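In: Next come a sequence and a model predicted from it.
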Amino acid sequence: MEADDDLITKRMKMHLLEKKGKLFYQIASDFTGYTEFEKESEAEGDEESKQTEQVISDDLFDRTFMKGHKSAITCMDWATDNKSLITGSKDCSLIHWDLESQKKLFFRGRKFDKAFEGHNDEVLCARISPNGKYLVSGGKDRIVRVWDIHN
């Protein structure tokens, strides 16, 4: 009986952490972007003194950090041109990110405000149409919304 209580307690803690946006899942245990090079130790000339090290190659990454959401991101979808993406969040909003110009287009929502045009609860999924003109989103408010991205 005590083992069942421990399992229930653990599940409740995990659910609470996930709801607060503080639960992180490990999505990869290995990374293929390593390069190997040989490093000689202090005793030069000795074949056994050479060591092979793995380091992450810096030329693999061109990182850009952009801020916009006020809560955890729940979904993301790339546009067909690979120059923009859409993200949905627990803050009831969607953001269309133009990665080249780093501009953002907001599709705002308000929590528990059903009179507002956007979502009134967390956005759970979002998808850009194949022609790149429309965005479809669904949320905890049980509403599917279709947005015109260019207007």
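Out: Nice, thanks for sending it over. Residues are numbered from 1 along each chain as shown.
In: Now do the helices in the chain.
Out: With DSSP state H as the criterion, the chain has helices at 2-20.
In: Which residue ranges of it form strands?
Out: Taking DSSP state E to define them, one finds strands in the chain at 34-40, 50-56, 73-78, 84-89, 94-98, 103-107, 123-128, 134-139, 144-148.
In: Can you lay out these as CSV showing distance to Glu117, mean neighbour count and mean pLDDT?
Out: Using the backbone N, CA and C atoms, a C-beta is placed for each residue, glycine as well. Below are the strands of the chain laid out as CSV (distance: least, Cβ to Cβ, whole Å; neighbours: other Cβ atoms under 10 Å; pLDDT from 0 to 100):
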stretch, distance to Glu117, mean neighbour count, mean pLDDT
strand 34-40, 48, 10, 52
strand 50-56, 44, 10, 56
strand 73-78, 19, 16, 90
strand 84-89, 16, 22, 90
strand 94-98, 12, 20, 89
strand 103-107, 9, 15, 85
strand 123-128, 14, 20, 92
strand 134-139, 12, 19, 92
strand 144-148, 8, 13, 90
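In: Please identify which of these is closest to Lys19.
Out: Counting by Cβ to Cβ, Lys19 lies closest to strand 73-78 out of those; the figure is 11.9 Å.
In: what angle separates the closest one from strand 123-128?
Out: If you take axes from the mean of the first three to the mean of the last three Cα atoms, to 10 degrees, strand 73-78 sits at 10 degrees to strand 123-128.
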